[in-house]
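Asker: pasting a predicted model and its sequence here:
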Amino acid sequence: MTRYLWTVTPLLGVTETWLTAGMTDDAVSLDGYTIARRDRDDGRRGGGVALYIRNAFSFVTLGVALYIRNAFSFVTLDLPCDDNFEHV
């Protein structure tokens, strides 16, 4: 699966990760990708979001938002592009 992801997927989003602060990024890593995540931290089960960004891309995490009325959580990234973006 990692080989498939590397050839066609620059960014992979996952919802309902069920990750907690006690789980390290290494525990859910994918070869060739960096993870940016937001775990549910309100004591309830489930929730959480994660983005896997292919290491070929540089990015800056702009924010990992708090829950808005306990309904949404999200991760915001800035992925600068260059003239070669269409070739990735």
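Answerer: Done, it's in. Please read these numbers as outputs of a predicted model, since none were measured by experiment. Residues are numbered from 1 along each chain as shown.
Asker: where does pLDDT dip in the protein?
Answerer: 1-8, 63-74, 79-88 (pLDDT under 70).
Asker: do that again at 80, thanks
Answerer: Applying pLDDT under 80 to the predicted model, the residue ranges of the chain that meet it are 1-8, 41-43, 59-88.
Asker: residue ranges for the helices of it, please.
Answerer: Under the criterion DSSP state H, the chain contains helices at 2-8.
Asker: so residue 76 makes contact with residue 51?
Answerer: No: applying Cβ atoms under 8 Å as the test, residue 76 and residue 51 come out as separate, 9.5 Å apart. For glycine as for every other residue, the C-beta is placed from the backbone atoms N, C-alpha and C.
Asker: was I right about residue 47 contacting residue 19?
Answerer: No: with contact defined as Cβ under 8 Å, residue 47 does not count as touching residue 19 (9.0 Å).
Asker: neighbour-wise, which of these two wins?
Answerer: The neighbour comparison of residue 47 against residue 19 (other Cβ atoms under 10 Å) goes to residue 19, with 21 against 18.
Asker: ok, the more buried one - contacts?
Answerer: Neighbouring residues of residue 19 by Cβ atoms under 8 Å, 6 or more residues apart in numbering: 28, 37, 39, 48, 50.
Asker: roughly how far apart are the third one and residue 47?
Answerer: What it means is residue 39. When Cβ to Cβ, to the nearest Å is the yardstick, residue 39 and residue 47 sit 8 Å from each other.
Asker: shared neighbours of the two, which are they?
Answerer: Listed as contacting both residue 39 and residue 47 by Cβ under 8 Å, 6+ apart are residue 17.
Asker: select only the buried ones of the contacts of residue 19 in PyMOL?
Answerer: Typed into PyMOL, the next command selects the buried ones out of these (criterion: 16 or more other Cβ atoms under 10 Å):
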select buried, resi 37+39+48+50
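Asker: run through the bridge partners of the nearest residue to residue 14 once chain neighbours are set aside.
Answerer: Spatial nearest neighbour of residue 14, chain neighbours left out: residue 50 (4.6 Å); criterion: Cβ to Cβ, 6 or more residues apart in numbering. In this entry, residue 50 is beta-bridged to residue 14, residue 37, by DSSP bridges.
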